[in-house]
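Visitor: with the input below, show me the fold.
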Amino acid sequence: MGSLKKGILVSYFSVFITIISGILITPLIVSTLGANEYGVYIYLSASFGLCSVFNLCVNQTFTRFIVNNTDEKLYIKVLTNLLTIVLLIVLFIIIFVILLFYNFKKQQTLVVTELNLSYYCLFLSIIVVLRLLNECFLGIYIAFKEYVYPQAIRILFAVLRIVLIFVLLPNFSNLFFIFSLDLFVSLMSSIFLILPLIKKNRLVFDSSCIKIKELKIILYFMLGILAISLVNFLRWKFGELLLGFHGLYADVTVFSLSVMLGSYIGAFTSSFSNLLLPNINEIYINSGLKGVESEVIRVSRYVAFIVTLILTSFILIGQVFVEIWLKGEYPMVWNFSLFIMASLGVLLIQSSFNTYLQIINEHGKRSVLFLIPTLLTMILGILLVKSGGIKLMVSMACTSILIGVILSNIYYSRLGFNMLHYYKKVLFIPTVYTIIVLTIKLVFDDISNVTSFVLVFINTILVYRFVISNTERKFLKSLLSQNKI
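Guide: Got it, this is the predicted structure:
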C-alpha cells in the first residue's frame, strides 16, 4: 500500500476519532460543568480562536499550492522560514491576552465556579501558540510526503484526551482541569511532531533561497486563504463571542453544540473530496477549462452523494439522536444543526471549484465574495442580538453562506463555467430527494425511534441507488481496493 493511500486512510480514521470524541465527551463536559460554565469555556476559547486565524495558512492547502508552483528545495525552505513568522505572532497573542483579560474583568456577568481568568488566559494563549506551530509542522511533513506519522500523533493524543476526560473529569469538575488537559495535549503533540524534524535536520532556516517574485505569488495566495479562514471564524465563532459578550452563556452552549454537530458533515465530505482533488490540477494542465469543468462536475457529484446521505439521515434520525445524546436538555440543537448542515452542504458540494481557483491563484476573489455577506450579517447580529438571540445568530450565519454561494456561482459563470449544466448534473436529484425526505419527516413527525432507524437504512439504499450512477457506484466500490490513488 502506497504512503499516500496510508495517509488517506489514517486521515479518515483521524476524522472518525474527532467526531467520536465530540459525541462521547461533549455531553459529559456539558453535564459536569453546566450550561453556563460550559458557555464560558466556549466563549473564552472563541475569543482566543481569533489568533488561530493568523496561522499563515501553513496547512495542506498551502503546501499543495507551493509544490505546484516552486521547486522542491524552495518549497521546503519556504515552509521552514514561515515558522519564524509564526513565532512573531506570539507577540500579538500576548498583547491580545492582556487586552482580553481586562475586558473579561469588567464583565460582572462572567462569574462562575472557580473561574480564575489569569490562569485561563495564560493557558489558552499557550494552547493557541502550540496549535499554530503544529499546523506549521504538519505542513513540513506534507512537504516531505510523510502523511501517516503526523496524523497518527493526532489520533494518539485525541484518544488520550477522551480517556483522561472520562476518568478524571468526574473528580475535577471545573474549567481549570479542562484547560490544563488541553494544554497538556497540545504541548505533547508539539513535542512529538518537532522531535523527528529536529532529528532529521529538517528545520533549516535560510531566507536567501526565497525569490521576491515567487514570494509575492505565495503571499498573495496566503492572503486569499487567510480571508476565507477569517470568514469561517467570523461565521461561527463571532456568534459565540457576541452571545457571550451579552452574558447569554446558556445560548453560547446551544450555539456551540449546534455548530459542532452541523459541521461534522464537512469532516466527512472534505476527507472524501481530497481523494480526487489532485486530478483537477492534472486535468487543468492537460485539457484546460473544459476538462476542468467535467472534473468539477464529477467530484461534485460524489460530494453531493455524501452530503445527501448525511443530511437526509440526519433529517430522519437527528432529533432522536440529539435527545439521547444530550439527555433531552437541549432539544433546539437538532433544529439549528439541521439548518447549519443544509447550508454547509450546498457550500461543500462546490468545494472543487475552490480547488481550481487555488490552482490559478484566484481564490482570493471568492474569499471576498463570502467575506462581504459575512460582514453584513455580523453588523445585523450586533444590532439585533439582544432581541433575536441564538435564533438570529444561526440564521445570520446560514444566510451569509447561501448569499456567498450565490455570488460565487455568478463568479464561476463569468470564468466560463456553464452553471446551468452544473446544476442539472449535480444538484437537481439531491435537492428533490432531500425535499421529499424532509416532507415525510414533517408529515409523520411522531415516528417511533425504531421506525426512524429502519427509515435511515432504507434511505441509505435509496440514496446509493438514485443519487449516483452505476459507473460512480463501481468507482466507490473499487476506491479502497486500489493500491494507488
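Visitor: tell me which residues touch the residue lying closest to residue 396 once chain neighbours are set aside, please.
Guide: Leaving out its chain neighbours, the residue that sits closest to residue 396 by CB to CB, 6 or more residues apart in numbering is residue 377, at 3.9 Å. The way it works is simple: take the backbone N, C-alpha and C, and place the C-beta from them, glycine included. Taking CB atoms under 8 Å, 6 or more residues apart in numbering, we find residue 377 in contact with 396, 397, 399, 400.
Visitor: output these in TSV; the columns should cover secondary structure.
Guide: Conversion of those to TSV gives the following (DSSP: H, G, I helix; E, B strand; the rest coil):
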residue	secondary structure
396	helix
397	helix
399	helix
400	helix
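Visitor: okay, and residue 328 sits in which element?
Guide: Assigned by DSSP states H and E, residue 328 belongs to no helix or strand.
Visitor: and it, how close does it get to residue 334?
Guide: Residue 328 sits 11 Å away from residue 334, going by CB to CB, to the nearest Å.
Visitor: so the two - more neighbours on which side?
Guide: residue 334 (22 against 9; other CB atoms under 10 Å).
Visitor: pretty sure the more buried one contacts residue 315?
Guide: No: between residue 334 and residue 315 there is no contact under CB atoms under 8 Å: 9.6 Å.
Visitor: where does pLDDT dip in the stretch 301-450 of the chain?
Guide: Residue ranges of the stretch 301-450 of the chain with pLDDT under 70: 361, 363.
Visitor: quick one: the helices in it?
Guide: 332-349, 351-359, 363-415, 419-422, 428-443, 449-466 (DSSP state H, counting those that start in this stretch).
Visitor: same list (these) but as a markdown table, adding distance to residue 20.
Guide: Formatted as a markdown table, the helices of the stretch 301-450 of the chain follow (distance: least, CB to CB, whole Å):
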| stretch | distance to residue 20 |
| --- | --- |
| helix 332-349 | 17 |
| helix 351-359 | 24 |
| helix 363-415 | 25 |
| helix 419-422 | 35 |
| helix 428-443 | 25 |
| helix 449-466 | 18 |
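Visitor: count the residues that sit near the nearest residue to residue 384 once chain neighbours are set aside.
Guide: Excluding its sequence neighbours, the residue lying closest to residue 384 (CB to CB, 6+ apart) is residue 392, at 5.6 Å. By other CB under 10 Å, 20 other residues sit near residue 392.
Visitor: now swap in the one 4 residues further on and tell me
Guide: Residue 396 has 25 neighbours, counted by other CB under 10 Å.
Visitor: you'd agree it is up against residue 381?
Guide: Yes: counting by CB under 8 Å, residue 381 is a contact partner of residue 396 at 5.0 Å.
Visitor: list phi and psi for residue 200.
Guide: Main-chain dihedrals, residue 200, degrees, to the nearest 10: phi -90, psi 10.
Visitor: try residue 447
Guide: Main-chain dihedrals, residue 447, degrees, to the nearest 10: phi -70, psi 140.
Visitor: not counting sequence-adjacent ones, nearest residue to it?
Guide: Using CB to CB, 6+ apart and skipping residues adjacent in sequence, the residue nearest residue 447 is residue 455, 7.1 Å away.
Visitor: and that neighbour, what is it in contact with?
Guide: Taking CB under 8 Å, 6+ apart, one finds 316, 317, 440, 447 in contact with residue 455.
Visitor: circling back: what do residue 396 and residue 381 both touch?
Guide: By CB under 8 Å, 6+ apart, the residues touching both residue 396 and residue 381 are residue 239.
Visitor: which residue ranges form the strands in the chain?
Guide: With strands called from DSSP state E, the chain shows none.
Visitor: quick check: domain ranges of it?
Guide: If you go by automatic domain parsing, the domain ranges for the chain are 1-210, 223-485.
Visitor: please report how far residue 470 lies from residue 476.
Guide: Going from residue 470 to residue 476 by CB to CB gives 11 Å.
Visitor: neighbour count winner among those two?
Guide: Each of residue 470 and residue 476 has its neighbours counted (other CB under 10 Å); residue 476 has more, 13 against 8.
Visitor: contacting residues for the residue lying closest to residue 332 once chain neighbours are set aside?
Guide: Excluding the flanking residues, the one nearest residue 332 by CB to CB, 6+ apart is residue 254, at 6.2 Å. Listed by CB under 8 Å, 6+ apart, the contact partners of residue 254 are 35, 330, 332, 333, 336, 390.
Visitor: wait, which of the helices of the stretch 301-450 of the chain is closest to residue 42?
Guide: Nearest of these to residue 42, taken as CB to CB: helix 363-415 at 12.6 Å.
Visitor: let me know the angle separating the closest one from helix 351-359.
Guide: Using axes from the mean of the first three to the mean of the last three CA atoms, to 10 degrees, the direction of helix 363-415 lies 110 degrees away from that of helix 351-359.
Visitor: please tell me how far residue 42 sits from residue 320.
Guide: From residue 42 to residue 320 the distance is 25 Å (CB to CB).
Visitor: for residue 159, that is, sorry about that
Guide: Going from residue 159 to residue 320 by CB to CB gives 27 Å.
Visitor: now residue 190
Guide: Computed with CB to CB, the distance linking residue 190 and residue 320 is 40 Å.
Visitor: and the pLDDT at residue 238?
Guide: Looking at residue 238, its pLDDT is 82.
Visitor: and if you look at residue 458?
Guide: pLDDT, residue 458: 89.
Visitor: how many residues are close by it?
Guide: When neighbours are counted by other CB under 10 Å, residue 458 registers 11.
Visitor: same question, the one 4 residues further on
Guide: Residue neighbour count, defined by other CB under 10 Å, stands at 16 for residue 462.
Visitor: got a list of what residue 375 touches?
Guide: Contacts for residue 375 (CB under 8 Å, 6+ apart) come out as residue 234.
Visitor: let me fix that: residue 386
Guide: Residues counted as contacts of residue 386 (CB under 8 Å, 6+ apart) are residue 246.
Visitor: now it: how far from residue 451?
Guide: Note on residue 386: its distance to residue 451, by CB to CB, is 41 Å.
Visitor: count the neighbours of the closest residue to residue 32 other than its chain neighbours for me.
Guide: The shortest distance from residue 32 to any non-neighbouring residue, by CB to CB, 6+ apart, is to residue 173 (4.7 Å). Applying other CB under 10 Å, we find 18 residues neighbouring residue 173.
Visitor: got the phi and psi for residue 173?
Guide: Backbone torsions for residue 173, taken as degrees, to the nearest 10, come to phi -80, psi 70.
Visitor: pretty sure it contacts residue 33?
Guide: Yes: between residue 173 and residue 33 there is a contact at 6.9 Å, judged by CB under 8 Å.
Visitor: shared neighbours, the two?
Guide: When contacts are counted by CB under 8 Å, 6+ apart, residue 173 and residue 33 have no shared neighbour.
Visitor: if we can go back for a sec, of residue 42 and residue 320, who's got more company?
Guide: For residue 42 versus residue 320, neighbours defined as other CB under 10 Å are more numerous around residue 42 (23 against 18).
Visitor: was I right about residue 269 contacting residue 347?
Guide: No: assessed by CB under 8 Å, residue 269 is found out of contact with residue 347, at 9.8 Å.
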